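Peer 1: No sequence on hand, only this structure:
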């Protein structure tokens, strides 16, 4: 049984949707967002959408991505954090959950710009910062809000999406479970970058499906080093030193050329026009990279 809330009429749900979530700084939660590593070959994503359609009819669900590499919590955290600032106030569901069915906690976290729902394994951690910081968190212990019977391997359908659907329609965070200290949440180490003598050092934050390499180095670092659009950037990685033009668009490069650019998140990224920079440079997530100014092109 789903509990009495599953039997609410659409008009009752519409009334609840207009309420403020208790003690939130967000005045209304207008939609759900959804990020997973479920892929698109199976019915997992559709099943979760179906739960939302039953419990929160009329609520818009925005799919961020379902192509996070399987179990890659870090990649999921990066994509989520870089996407949520573009969203309206929402309940953000993120399920990259290699520990599903174990003792890892299921949580909902109230932030200044929305609510995050998912496993307490770090996948939500960078998005907390992107949404202005956590104000409250609960462990999801109220199983009256869950889908039953609960599969031990499909908490996306049976725990996270049902709870998120109730939250977006007006259920308070307090009703969802037992409060936990914000300091008790699992947090991934923040991506690091630092300025050195005439160079900046960072790490590979993520690699997208095109093989573009996103560094943790902000574009301001390039400016501070005197690297301007049209300049040559020196890239030091894997005991190699390479030169690449610092350009605004992919169209500025010849096919097969290695380039550096500022991506949509304001970070320095590396790409190969028409190719795969991660493969060419052997740069997996976490690899260290340094940049410096080269000779103007």
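Peer 2: Received it, and whenever you're ready, just let me know what you need. Note that this is a predicted model, so its numbers are computed, not measured.

Peer 1: was I right about residue 159 contacting residue 148?
Peer 2: No - using CB atoms under 8 Å, residue 159 makes no contact with residue 148, being 10.4 Å away. (C-beta placed from N, C-alpha, C; glycine too.)

Peer 1: right, and residue 56 touches residue 32 too?
Peer 2: Yes - with contact defined as CB under 8 Å, residue 56 reaches residue 32; the gap is 7.2 Å.

Peer 1: Now for the two: what residues contact both?
Peer 2: Shared contacts of residue 56 and residue 32, defined by CB atoms under 8 Å, 6 or more residues apart in numbering, comprise 165, 168.

Peer 1: Neighbour count: residue 159 and residue 148, which is higher?
Peer 2: The neighbour comparison of residue 159 against residue 148 (other CB atoms under 10 Å) goes to residue 159, with 23 against 13.

Peer 1: So that one lies in a helix, does it not?
Peer 2: Yes - assessed with DSSP: H, G, I helix; E, B strand; the rest coil, residue 159 lies in a helix.

Peer 1: tell me the contacts of it?
Peer 2: Contacts of residue 159 by CB under 8 Å, 6+ apart are 106, 140, 146-147, 150.

Peer 1: just curious, which of these is nearest to residue 167?
Peer 2: residue 140 (10.3 Å; CB to CB).

Peer 1: can you pull up the bridge partners for that closest one?
Peer 2: residue 177 (DSSP bridges).

Peer 1: surely it meets residue 175?
Peer 2: No - shown here, residue 140 and residue 175 do not form a contact pair, counting by CB under 8 Å, at 10.6 Å.

Peer 1: So between the two, which is more surrounded?
Peer 2: residue 140 (23 against 16).

Peer 1: Tell me the pLDDT of the more buried one.
Peer 2: With respect to pLDDT, residue 140 scores 98.

Peer 1: same thing with residue 249?
Peer 2: 85.

Peer 1: Tell me, how many residues neighbour it?
Peer 2: Neighbours of residue 249 using other CB under 10 Å come to 9.

Peer 1: Output the below-cut-off pLDDT ranges for the stretch 1-150 of the chain.
Peer 2: 1-27 (pLDDT under 70).

Peer 1: Now do the helices in it.
Peer 2: Secondary structure of the stretch 1-150 of the chain (DSSP state H, counting those that start in this stretch): helices at 10-17, 44-55, 73-83, 125-130.

Peer 1: which residues sit in contact with the residue nearest to residue 70 when sequence neighbours are not counted?
Peer 2: Of all residues not flanking residue 70 in the chain, residue 37 sits nearest, at 5.1 Å (CB to CB, 6 or more residues apart in numbering). With contact taken as CB under 8 Å, 6+ apart, residue 37 is in contact with 66-72, 76, 95-96.
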